[in-house]
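Participant: this one's sequence-less:
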């Protein structure tokens, strides 16, 4: 019996059969949607954005270019599209984007047609401090019309919802960062980002659901939004967008506190360690940007 088969959930034994499953979708970040993204992630220190057609697509904004237009009847209780189409239908009630890594080849453009080719690379069961979980790793290649493309890998974690909120171990903020900037977080920002990315996950806007069903103390600040803000700071402090970028969520962040963006450039200027931190001094996301 494999480790995967020992987990008490529906269809998990068959989940490994989903490895190699592919999907192809077409999308576009229109100027109007780019304006929505800019309004959602901007803050007083962020770079001004040209959101007109043909302008450079800021790094990571392709995440808003492929909305899932599923009917309301096909949404799960949490607001996510129901599983079983591309992602395997595992019997966990919580699903989150845990980590990702990207390599950029050229620059995509606002308004150009994009093609995303996706493949499920692995399905792995694990047991951690919070109990049983399954990691599904998905590879994407996003191609533009003129040859630019992005290679991306996403780790999606499936978890059980706990009886009470038990936070993970806190990791301390970056030591002696080169910058430490505070971004205001509130319900309006979370709503705008959910709208721009067509994300109906209720933990980001439905406070009674977040507290009573998923047992969070407050609304959860989007991981992708944190990653986008860290990417922007990396470019702003070096003047050049990174060639590679990776990130990992290490602690949920909430709408009840602002977000600190921290970064520390290596001595050779080729890498930058980044993180989002709370006012209390622990990290919500770690990231690394690379330029060579």
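Facilitator: Arrived safely, thanks for sending. If you're wondering where the values come from, they're calculated on a predicted model, not measured in any experiment. Numbering: from 1, shown residues only.
Participant: Tell me who's in contact with residue 102.
Facilitator: By C-beta atoms under 8 Å, 6 or more residues apart in numbering, the residues touching residue 102 are 59, 60, 150, 151, 152, 153, 244, 245, 246. (Glycine included, C-beta is placed from N, CA and C.)
Participant: Among those residues, which one sits closest to residue 289?
Facilitator: residue 245 (5.3 Å; C-beta to C-beta).
Participant: Wait, a strand at residue 192?
Facilitator: No: applying DSSP: H, G, I helix; E, B strand; the rest coil, one finds residue 192 to be helix, outside a strand.
Participant: Let me see the contact set for it.
Facilitator: Contacts of residue 192 (C-beta under 8 Å, 6+ apart): 36, 39, 40.
Participant: Go again with 7 Å.
Facilitator: By C-beta atoms under 7 Å, 6 or more residues apart in numbering, the contact list for residue 192 reads 39, 40.
Participant: And for residue 251?
Facilitator: Neighbours of residue 251 in contact, by C-beta under 7 Å, 6+ apart: 167, 168, 170, 282, 283, 284.
Participant: Check those residues and tell me the two furthest apart.
Facilitator: Every pair of those checked by C-beta to C-beta; the farthest is 167 and 283, at 12.3 Å.
Participant: Give me the more crowded residue out of the two.
Facilitator: Between residue 167 and residue 283, residue 283 has the larger neighbour count (other C-beta atoms under 10 Å), namely 23 against 11.
Participant: in which helix or strand would I find the more buried one?
Facilitator: Residue 283 belongs to strand 283-290 when assigned by DSSP states H and E.
Participant: tell me which element residue 237 is part of?
Facilitator: Element membership for residue 237 (DSSP H and E) is helix 223-238.
Participant: Buried residues in that helix, which are they?
Facilitator: Within helix 223-238, the residues that count as buried by 16 or more other C-beta atoms under 10 Å are 223-234, 236-237.
Participant: re the thing from before, from the contacts of residue 102, which is closest to residue 104?
Facilitator: For the contacts of residue 102, the nearest to residue 104 is residue 150 (5.6 Å; C-beta to C-beta).
Participant: which residue is nearest the middle of this protein?
Facilitator: Taking C-alpha atoms, centre = their mean as the criterion, residue 224 is the residue nearest the geometric centre of the chain, at 3.1 Å.
Participant: helices or strands next to the helix holding residue 237 in the packing?
Facilitator: Judged by 3 or more C-beta pairs under 7 Å, 6 or more residues apart in numbering; DSSP states H and E, helix 223-238 is in contact with helix 31-41, strand 179-183, strand 244-249, strand 259-265, strand 271-277, strand 283-290.
Participant: So what angle separates the directions of that helix and strand 179-183?
Facilitator: 140 degrees (axes from the mean of the first three to the mean of the last three C-alpha atoms, to 10 degrees).
Participant: model confidence over helix 223-238, on average?
Facilitator: Averaging pLDDT along helix 223-238 gives 97.
Participant: which residues touch it?
Facilitator: Counting by C-beta under 7 Å, 6+ apart, 41, 46-47, 59-60, 63, 97, 178-179, 181, 183, 193, 197, 241-242, 245, 247, 249, 253, 259, 261, 263, 272, 274, 276, 284-285, 287, 289 sit against helix 223-238.
Participant: are any of the residues you listed buried, and which?
Facilitator: Looks like these have 41, 46, 59-60, 63, 97, 179, 181, 183, 193, 197, 241-242, 245, 247, 249, 253, 259, 261, 263, 272, 274, 276, 284-285, 287, 289 buried, using 16+ other C-beta under 10 Å.
Participant: And the contacts of the strand holding residue 283?
Facilitator: Residues outside strand 283-290 that contact it (C-beta under 7 Å, 6+ apart) are 171, 173, 223, 226-227, 230, 234, 242-253, 270-278.
Participant: hmm, try it at 8 Å
Facilitator: Against strand 283-290 from outside (C-beta under 8 Å, 6+ apart): 170-174, 221, 223, 226-227, 230-231, 234, 242-253, 259, 270-278.
Participant: how about low-confidence regions in the stretch 151-292 of the chain?
Facilitator: Of all residues in the stretch 151-292 of the chain, none has pLDDT under 70.
Participant: Buried residues, stretch 140-157. List them.
Facilitator: Across stretch 140-157, burial judged by 16+ other C-beta under 10 Å covers 140, 142, 143, 144, 148, 149, 150, 152, 154, 155, 156, 157.
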